[in-house]
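Colleague: Sequence and computational prediction follow.
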Amino acid sequence: MSSAPLDEPDDEGAVDAEPELSDTEPELSDTEPELSDTELAAVLESLLLIVDSPAGAEQLASATGASVNRITETLNRMSAELTARGSGMDLRYAGDGWRLYTRTAYAPYVERLLLDGARSKLTRAALETLAVVAYRQPLTRARISAVRGVNVDGVVRTLLARGLIAEAGVDPDTNATQYSTTELFLERLGLASLADLPALAPLLPDVDLIDDISDSLESDPRFARMNKATASTEELDTGLDTED
């Protein structure tokens, strides 16, 4: 008496066995589960703590998988909550993006820790030069000197070194290097764009009058000699500042 072998697989059974084994493997998904409001806020906090420059809503949306509108709404809510509870962190939009800052009210304590009581400030000459560039950019050193009435080579080098201004091409008429403010300048002032600069019309003469003054100064032989001396100094690259 013979008997057939037990549990002998047939062709149909072999075909059915393969999907049963694959069912135990995890399924991969192209999209992650949508973050809850609390999770999204926490993720944004983590991202904003590590960025080196203000992050735009589009950039944060790409990193989190949330929509730009939801990112913007969440950031605005987070900013309001931090302000309402008097947090030492201040979340604000500046320089075309979002970033966490220390609260201005607590700046003395931050400076005491980081600078050991020593404060690094721009000189009045540097602030005046920076203001000229901010409101009249792009413009050359000669134009800046014409407005301020002094040689600004040293001050321009200082502002370049601090990253507050940068080269912005050449002037088509004189082929001299032009300068404009940077994103860091906007960030330090807490501005979203140059359009947020306060109006100077009530305090300054008409723009056409300033141009006339600049043109008259540039035609003055004494001003021409000063520009010539400036060019010679730049060629020698002595590194000596004429004004701090």
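Modeller: Structure's in. What do you need? Numbering: from 1, shown residues only.
Colleague: all helices for the protein, in order.
Modeller: Counting by DSSP state H, residue ranges of the helices within the chain are 11-22, 37-50, 57-64, 68-84, 107-115, 124-136, 141-148, 153-161, 183-189, 207-219, 221-236.
Colleague: Give the other helices and strands that the third one contacts.
Modeller: What that stands for is helix 57-64. helix 37-50, helix 68-84 (3 or more Cβ pairs under 8 Å, 6 or more residues apart in numbering; DSSP states H and E). Where you see a C-beta, it was placed from the backbone N, CA and C, and this is true even at glycine.
Colleague: C-alpha coordinates for that helix, CSV please?
Modeller: The C-alpha atoms that make up helix 57-64 are tabulated as CSV, following Å, rounded to 0.1, in the frame of the first residue of the first chain:
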residue,chain,number,x,y,z
ALA,A,57,7.8,80.1,3.6
GLU,A,58,8.5,78.2,0.3
GLN,A,59,11.7,76.7,1.7
LEU,A,60,10.1,75.6,4.9
ALA,A,61,7.1,74.2,3.0
SER,A,62,9.5,72.1,1.0
ALA,A,63,11.2,70.7,4.1
THR,A,64,8.0,69.9,6.0
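Colleague: buried sites along it?
Modeller: Using 16 or more other Cβ atoms under 10 Å as the test for burial, helix 57-64 gives 57, 59, 60, 61, 64.
Colleague: ok, for the last one, nearest residue in space, not its chain neighbours?
Modeller: Distances taken as Cβ to Cβ, 6 or more residues apart in numbering put residue 43 closest to residue 64, at 5.5 Å, once the chain neighbours are dropped.
Colleague: Relative to residue 197, how far out is that neighbour?
Modeller: Here the criterion is Cβ to Cβ, to the nearest Å. By it, residue 43 lies 34 Å from residue 197.
Colleague: Mind checking which of the two has more residues around it?
Modeller: Just comparing residue 43 and residue 197: by other Cβ atoms under 10 Å the higher neighbour count belongs to residue 43, 17 against 14.
Colleague: For the more buried one, give its distance to residue 68.
Modeller: Residue 43 sits 15 Å away from residue 68, going by Cβ to Cβ.
Colleague: picking that back up, for residue 35, see how far away the residue nearest to residue 64 is.
Modeller: Here residue 43 is placed at a distance of 6 Å from residue 35 (Cβ to Cβ).
Colleague: Residue 50 now?
Modeller: Taking Cβ to Cβ, one finds residue 50 at 18 Å from residue 35.
Colleague: coming back round to it: which of the helices of the chain comes out lowest on mean pLDDT?
Modeller: Mean pLDDT is lowest for helix 11-22 among these, at a mean of 44.
Colleague: Quick check: residue 188 touching residue 164?
Modeller: Yes - between residue 188 and residue 164 there is a contact at 7.3 Å, judged by Cβ atoms under 8 Å.
Colleague: Of these two, give the one with the bigger neighbour count.
Modeller: The residue with more neighbours, out of residue 188 and residue 164, is residue 164; 21 against 14, by other Cβ under 10 Å.
Colleague: picking up where we left off before, what residues are shared contacts of residue 43 and residue 35?
Modeller: Residues touching both residue 43 and residue 35 (Cβ atoms under 8 Å, 6 or more residues apart in numbering): residue 64.
Colleague: Residue 154: which of the buried residues of helix 57-64 is nearest?
Modeller: residue 59 (37.4 Å; Cβ to Cβ).
Colleague: residues near residue 34, how many?
Modeller: Residue 34: 11 neighbours (other Cβ under 10 Å).
Colleague: got a list of what it touches?
Modeller: 65, 66.
Colleague: What pLDDT is listed against it?
Modeller: 88.
Colleague: any idea how far it is from residue 66?
Modeller: Where residue 66 is concerned, residue 34 sits at a distance of 8 Å (Cβ to Cβ).
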